[in-house]
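S.K.: sequence plus the predicted model coming up.
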Amino acid sequence: MTLIKTSLLNAIAVVIKMLTMLGINKILAVYVGPSGYAALGQFQNAVQMITTFASGAVNTGVTKYTAEYFQDQDKQISLWRTAGTISIVGTLVSSILIISFSKFLAEWFLKDKNFYSVFIYFSLTLVFFVFNSLFMAIINGKKEIFHYVVANISGSIFSLVITAILVNKFGVYGALVSLAVYQSFSFFVTFFIICRRKWFRISYILGRVDKGIAINLSKFTAMALVSAVCIPLCHIFIRDYLGKSLGADAAGFWEAMWRLSGAYLLLVTTTLSVYYLPKLSELSSTSRIRNEILDGFKLIVPLVAISGFVIYLLREFIILFLFTKNFLPMSELFAWQMFGDALKICSWVISYLMLSKAMVRIYICTEIIFSIFFYILVYLFVEYFGLKGAAMAHAANYGVYLLVMYKLVFAELRKDAAQ
């Protein structure tokens, strides 16, 4: 399947997901306001970290090796059993720890131990979170894009319905609970889809751990765990800093801007994971890899640049339509955020090579360095430019990251080709 065909098919799921995300944004804006957005961002980052640890952070590796072992079913089954066994063990341990430390987690992430029950709900549904992601990774690696799209659409619809019901009834608390549980409902649809595939049996998901495969997956585990810690923690610290220096509403504006960026970039980011990761995993020739990346730039970069420009021009209308008038101060973030988003996607097109080729050392070092660098830039720029400085820091961080990615990744490819 080509990049264009993948993008078009994936666009169906992305459009629906974008619409549901925008609908959720509107619901949250009306019921929880700017300051409530900051709390939701903190919890969402907690969910990201915990689910990554619980799954053993194997999903990227599962996608890569499912694609790589495409002609070898026995190896695929060994891969899935190894990943599934790691995931179930990690989930059980994580669930016990979450329940045991639920009040501490509520205090640390949400600044209110009375929200501890949210973490209890999360722990009870964690197994569905983890295995939904694992099954999606397998479907992605098998390149069954249609079924991947159907599973994504179901998840989007469930998230909208559950969020609307819970937020309407319980406000911020309901929003937190919806983030904790909605993927558990998505699991049943994904499970139904994968069980109907001729190449899959439920017995393929648990069994003996293959040592060699586990070692290969550990490379992706290391990379995913670093991302799971560095990026969410960086965002948590940024929200804390913005809240303390500019007020809780400012932290909410920044979170709302970040969510809007995530929504309109969905088509690009999901296409990268659905198409590029399996595709680059198959390629071994440096020239073919370079051509694939150039093709990506030709399609993706103009799309992001045009989208960002249109969003900037319509920023006040978008704020009023997707949020409320209370969010109008975030309009000063748009120009630098859109510029930073374009640089971000350019760098991601290149950085996906690190994942596909398991460039562990480079990936880990750059994730840690640029997460710290981003926080430092936010601290410095906000001191001089106010809230707008947070978006300026985003652009500056990804500008430097893009240059570093180009230099390091292609140098590594040339070195591998020479060996």
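M.R.: All right, it came through fine. Residues are numbered from 1 along each chain as shown.
S.K.: which residue is nearest the centroid of this protein?
M.R.: Centroid-nearest residue in the chain: residue 48, 8.0 Å away (criterion: CA atoms, centre = their mean).
S.K.: quick one: the helix or strand that it is a member of to chain centroid distance?
M.R.: Per DSSP states H and E: residue 48 is located in helix 3-54. Per CA atoms, centre = their mean, to the nearest Å, the displacement of helix 3-54 from the mean C-alpha position of its chain is 9 Å.
S.K.: ok, residue 350 touching residue 406?
M.R.: Yes. Here residue 350 lies in contact with residue 406, judged by CB atoms under 8 Å, at a distance of 6.0 Å. C-beta coordinates here come from the backbone N, C-alpha and C atoms, glycine included.
S.K.: what sits closest to residue 133 if chain neighbours are left out?
M.R.: residue 59 (5.3 Å; CB to CB, 6 or more residues apart in numbering).
S.K.: distance of that neighbour relative to residue 343?
M.R.: Using CB to CB, to the nearest Å, we find residue 59 at a distance of 26 Å from residue 343.
S.K.: more neighbours, these two?
M.R.: residue 59 (27 against 20; other CB atoms under 10 Å).
S.K.: what residues are up against the more buried one?
M.R.: Taking CB atoms under 8 Å, 6 or more residues apart in numbering, we find residue 59 in contact with 83, 133-134, 136-137, 224.
S.K.: give me the pLDDT value at it.
M.R.: If you check residue 59, the pLDDT there is 81.
S.K.: for the contacts of residue 59, work out which two are farthest apart.
M.R.: The largest separation in the contacts of residue 59, counting by CB to CB, is between 136 and 224 at 14.5 Å.
S.K.: that older thread, contact partners for the residue nearest to the centre of the chain?
M.R.: 228, 231-232.
S.K.: 6 Å instead, please
M.R.: Counting by CB atoms under 6 Å, 6 or more residues apart in numbering, residue 48 makes contact with residue 232.
S.K.: just the one 4 residues further on next, same as before
M.R.: Remark: with contacts taken as CB under 6 Å, 6+ apart, residue 52 is in contact with 224, 228.
S.K.: repeat that with 10 Å
M.R.: Applying CB atoms under 10 Å, 6 or more residues apart in numbering to residue 52 gives the contacts 58-59, 90, 94, 130, 133, 221, 224-229, 232.
S.K.: among those residues, which ones are in strands?
M.R.: Of the contacts of residue 52, none are assigned to strands by DSSP state E.
S.K.: before we move on, the earlier item: from residue 305, how far out is the residue nearest to residue 133?
M.R.: Residue 59 sits 30 Å away from residue 305, going by CB to CB.
S.K.: before we move on, the earlier item: show the average pLDDT along the helix holding residue 48.
M.R.: 73.
S.K.: just stretch 127-146 next, same as before
M.R.: Stretch 127-146 comes out at a mean pLDDT of 85.
S.K.: quick one: residue 387 from residue 175, how far?
M.R.: 23 Å.
S.K.: cool, residue 79 as well?
M.R.: Applying CB to CB to residue 79 and residue 175 gives a distance of 37 Å.
S.K.: the more surrounded of the two?
M.R.: A count of neighbours by other CB under 10 Å puts residue 79 above the other of residue 79 and residue 175, at 27 against 24.
S.K.: the closest residue to residue 324 other than its chain neighbours: how many residues sit nearby?
M.R.: In this structure, residue 324 finds its nearest non-sequential neighbour in residue 29, 4.9 Å apart by CB to CB, 6+ apart. The tally of other residues near residue 29 (other CB under 10 Å) stands at 21.
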